[in-house]
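[1] What shape does this take:
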Amino acid sequence: MESIGWVGFILIVSAYLFLTLRQFEANSATYHLMNLSGALCMIANAKHKGARPLLWLNIVWALVAMMGLLQLSA
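    Residues are numbered from 1 along each chain as shown. Below is the predicted model:
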């Protein structure tokens, strides 16, 4: 479970880094998918550890990423 949390951390931070370095556009599917995948990993880790603030932060993060993906498909 610890490894899943680290994968989530790497995905979310990498997505933001690539956005900052202008390697990704804020409205790209890759950016939103990396955030969604990272948040889901972090949700699993936070649930396992009982870290409710981190759990809810990543639930919201996942919802925002899903909203971004839905806007792309509209």
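[2] all contacts plus neighbour counts: C-alpha atoms, from now on.
    Noted.
[3] ok, now which ones touch residue 45?
    1, 2, 4, 5 (Cα atoms under 8 Å, 6 or more residues apart in numbering).
[4] same question, residue 24
    The contact partners of residue 24, by Cα under 8 Å, 6+ apart, come to 15, 18, 30, 31.
[5] which residue sits closest to the second one, ignoring its sequence neighbours?
    If you skip the residues right next to it in sequence, residue 18 has residue 24 as its closest partner in space, 5.6 Å away by Cα to Cα, 6 or more residues apart in numbering.
[6] which SSE is that neighbour in?
    Assessed by DSSP states H and E, residue 24 sits outside every helix and strand.
[7] need the contact list for residue 52.
    The contact partners of residue 52, by Cα under 8 Å, 6+ apart, come to residue 46.
[8] ok, now how distant is it from residue 31?
    Here residue 52 is placed at a distance of 25 Å from residue 31 (Cα to Cα, to the nearest Å).
[9] most centrally placed residue in this structure?
    The centroid of the chain falls nearest to residue 35 when counting by Cα atoms, centre = their mean (2.5 Å).
[10] Can you tell me the closest non-neighbouring residue to that residue?
    Excluding the flanking residues, the one nearest residue 35 by Cα to Cα, 6+ apart is residue 12, at 5.1 Å.
[11] Can you tell me how far the one you found is from residue 3?
    With distances taken as Cα to Cα, residue 12 is found 14 Å from residue 3.
[12] Among these two, which residue is more densely surrounded?
    Shown here are residue 12 and residue 3; by other Cα atoms under 10 Å, residue 12 has more neighbours (23 against 10).
[13] Need the residues that contact the host helix or strand of the more buried one.
    Element membership of residue 12 [criterion: DSSP H and E] is helix 2-20. If you take Cα under 8 Å, 6+ apart as the criterion, helix 2-20 is touched by 24-26, 31, 34-35, 37-42, 44-46.
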